[in-house]
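Trainee: Fold the stuff below for me.
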Amino acid sequence: MNNILNIVVAGIRWNSKWLLIKRKRGNYQKKWALIGGKIEFNEEIKTAILREIKEETGLSVKWEGIKGVINERLIEKDQDGKISHFVIILCQVSTEKGEVASTEEGELNWFSLDEIHKTRNEIIPSDYFMVTELLQKENVKQIIEVKMNQSLKGLEVNECFEY
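Mentor: Purely as a prediction, here's the structure:
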């Protein structure tokens, strides 16, 4: 059965750094990513992202808004063309405390924009795009289409456009 996973992710800003998690499981295991997860049935977007942030980081954050919606399709070529499909709602929040500890979800670390550029190959490509493009702009509210291929060589963005 084909399912679309509805996901919330957050750009969590502290000083001039962004919080990323090195995922321990899932499609993007061992890749740095934005904090987030599935929206539960009958859950509001804001409630979902605040819950995910608390579960994965322990942080209390200030809601700043939604930056965009990303329709991401991941095609896994080494698994007979299996497709994973996500609708991602990118939220932005900030915190006054930068103290985080790794959780069962993965290792947490704060990255400056410069450090994010330097570790680009270790970050999920669509998350890299969200941090470097969408989270850097004022009041971005757009829809992004991302199609990624996963092969034995790793992840690569095949197609990306916005409207």
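Trainee: If you count neighbours, what's buried in stretch 42-50?
Mentor: The neighbour-count check on stretch 42-50 (16 or more other Cβ atoms under 10 Å) flags 48, 49, 50 as buried. No exception for glycine: its C-beta is placed from N, CA and C like everyone else's.
Trainee: ok, residue 75 to residue 83 distance?
Mentor: Remark: distance between residue 75 and residue 83 (Cβ to Cβ, to the nearest Å) = 5 Å.
Trainee: Between those two, which is the more surrounded one?
Mentor: Neighbours per residue, other Cβ atoms under 10 Å: of residue 75 and residue 83, the larger number sits with residue 75, 16 against 11.
Trainee: helix, strand or coil for that one?
Mentor: Three-state assignment for residue 75 (DSSP: H, G, I helix; E, B strand; the rest coil): strand.
Trainee: ok now do the spatially most central residue of the chain, which residues does it touch?
Mentor: The C-alpha lying nearest the average C-alpha coordinate of the chain belongs to residue 34 (Cα atoms, centre = their mean; 3.6 Å). By Cβ atoms under 8 Å, 6 or more residues apart in numbering, residue 34 lies in contact with 9, 10, 11, 12, 18, 20, 21, 90, 127, 130, 131.
Trainee: and if we set it to 10 Å?
Mentor: 7-12, 18-21, 88, 90-91, 123-124, 126-128, 130-131, 135 (Cβ atoms under 10 Å, 6 or more residues apart in numbering).
Trainee: Can you lay out the buried residues of stretch 42-50 as CSV showing secondary structure?
Mentor: Formatted as CSV, these follow (three-state DSSP):
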residue, secondary structure
48, helix
49, helix
50, helix
